[in-house]
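**Student:** structure for the following, please:
(2 chains)
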Amino acid sequence: MNTKPNIAERSAEKIIADEFMIARAKIVELAATLDRIERARGETADSKPMQLLLQGMHILCDDEFDKAKRVQLLMSRQYDPQWQLRMSISKKGN
Amino acid sequence: MDYIDPHLHMVSRTTDDYETLARMGCVAISEPAFWAGFDRGSVDSFRDYFRQLTDFEPKRAAQYGITHYTWLCINAKEAENVSLSREVIAMIPDFLECKNVLGIGEIGLNKNTRNEATIFMEHVDLAVKFKQQILIHTPHLEDKYQGTRMILDMLIGDSRIDRSRVLVDHVEEHTIEHVLENGFWAGMTLYPVSKCTPQRAADMIERYGPERLMANSAGDWGPSKPTAIPDLIMELKKRGHSKELIQRVVYENPKTFFSQSKPFVHG
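**Tutor:** Numbering: from 1, shown residues only, chains lettered A, B, ... in the order given. Okay, here's the model as predicted:
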């Protein structure tokens, strides 16, 4: 559930009316990209970029909120809270 | 509408771009020092670059009624050369009294390495020692989340840092919350492909509100659009947002943040 402040002026109906054509064009581009990969020589099923794209598309279709953030995190390297210890970096100014 | 672009690498742009920016309402820009597209070979190369940023570029901007400010550093991409980085950091104080220098920047991480972190902290030391504001570069694409968290760890772990004087740039959906929740200013960079579109920037303004949030074009020598802020203004207008909200993000917020540096005199 979205608990953040939201100052959007437009209704959901207005947004879909305003942005349908833009979103439609993006879906067609994505579909054409997948077709282009499919009809090319070689195999991508096990490639990491292809896996990331497929997982990203699953996020688009699930029922959860924060899709942009979740896609971004999917495409990101992991953060290790112990990185300073691992790199022997000491804290400053304490 | 008058606006300020808080992050724009004008040394890489033509004079025609200054004219276009002026026509579109840009009244001031701030230009962080950054990577030239190749590694510079010596401290003297940086000295010349800093002269360009503090002497030549303000004059070029002034021809079009635009006030030019700058930030100084060696970019994270060059931090693997630790000895050169230290030479540059030692030379920066020679320029801190120049009348358009707002602080130290854009410092940060690139591939999130130990050397980058070391040089980042040495830049922070310099900023603290000379009471300078800080402008932060966060890494690109898959390195952004990890690098942003690492940068925040270093800043939060340093009790000398006044977070209200630090701008963390290039935030996106997965990093903005960490930056704002910890009391820093956040900048959204409007790029054609990577980073953030005007539409996504408008989404973040709607979700997080305008407090401590600004937008920039980060126009440079790569694919970028120096007039991206007017695109954001247009997107916010199309969505029905008030002139006051838009003005706050594109003019008042940069002005408030930069006003903490003595050389900033705009408005």
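**Student:** CA only for contacts and neighbour counts going forward, please
**Tutor:** Noted.
**Student:** excluding chain neighbours, what is closest to B:His96?
**Tutor:** One thing to correct before we go on: residue B:96 is Leu, not His. B:Gly103 (7.5 Å; C-alpha to C-alpha, 6 or more residues apart in numbering or on different chains).
**Student:** please apply the same query to B:His174.
**Tutor:** Leaving out its chain neighbours, B:His174 is closest to A:Lys69 (C-alpha to C-alpha, 6+ apart), at 4.8 Å.
**Student:** please apply the same query to B:Ile246.
**Tutor:** B:Ile233 (6.5 Å).
**Student:** where's the one you found, which helix or strand?
**Tutor:** helix B:228-238 (DSSP states H and E).
**Student:** got it, and A:Ile27?
**Tutor:** helix A:12-38.
**Student:** quick one: contacts of the helix or strand following that helix?
**Tutor:** For helix A:12-38, the succeeding helix or strand toward the C-terminus, using DSSP H and E, is helix A:48-61. With C-alpha atoms under 8 Å, 6 or more residues apart in numbering or on different chains as the test, helix A:48-61 has contacts from A:Thr44, A:Ala45, A:Lys67, A:Arg70, A:Val71, A:Leu74, A:Met75.
**Student:** can you check stretch B:179-198 too?
**Tutor:** B:140-141, B:152, B:163-172, B:176, B:201, B:212-218, B:223-225, B:228-229, B:231-232, B:235.
**Student:** what residues of that stretch count as buried?
**Tutor:** B:179-180, B:183-191, B:195-198 (16 or more other C-alpha atoms under 10 Å in any protein chain shown).
**Student:** of those residues, which pair is most distant in space?
**Tutor:** Pairwise distances across the buried residues of stretch B:179-198 peak at 25.1 Å for B:Gly183 and B:Tyr191 (criterion: C-alpha to C-alpha).
**Student:** interface residues of chain A facing chain B?
**Tutor:** Residues of chain A that fall close to chain B, judged by C-alpha under 8 Å from any C-alpha of the partner chain: A:4-10, A:68-70, A:72-73, A:75-80, A:83, A:87, A:89, A:91-94.
**Student:** any of those buried? List them.
**Tutor:** Applying 16+ other C-alpha under 10 Å to the residues of chain A next to chain B flags A:Ala8, A:Ala68, A:Arg70, A:Gln72, A:Leu73, A:Met75, A:Ser76, A:Lys91, A:Lys92 as buried.
**Student:** what's near enough to touch the one residue in chain A that gets nearest to chain B?
**Tutor:** When scored by C-alpha to the nearest C-alpha, chain A has A:Ser76 as its residue closest to chain B, at 4.1 Å. Shown in contact with A:Ser76 (C-alpha under 8 Å, 6+ apart): B:Leu141, B:Glu142, B:Asp143, B:Lys144, B:Tyr145, B:Gln146.
**Student:** which residues of chain B fall in helices?
**Tutor:** Along chain B, the segments classed as helices by DSSP state H run B:15-23, B:43-51, B:57-62, B:82-91, B:114-129, B:144-156, B:176-181, B:198-208, B:228-238, B:243-247, B:253-258.
**Student:** spell out which parts of chain B neighbour chain A.
**Tutor:** Counting by C-alpha under 8 Å from any C-alpha, chain B comes close to chain A at B:114, B:117-118, B:121, B:141-147, B:149-150, B:154, B:157-160, B:173-174, B:206-209, B:239-241.
**Student:** run the last query once more with 6 Å
**Tutor:** Contact residues (C-alpha under 6 Å from any C-alpha of the partner chain) of chain B with chain A: B:Glu142, B:Asp143, B:Gln146, B:Asp158, B:Ser159, B:Arg160, B:Glu173, B:His174, B:Glu206, B:Arg207.
**Student:** so which of the contacts of A:Ser76 wins on neighbours?
**Tutor:** Within the contacts of A:Ser76, most neighbours by other C-alpha atoms under 10 Å in any protein chain shown means B:Lys144, with 29 neighbours.
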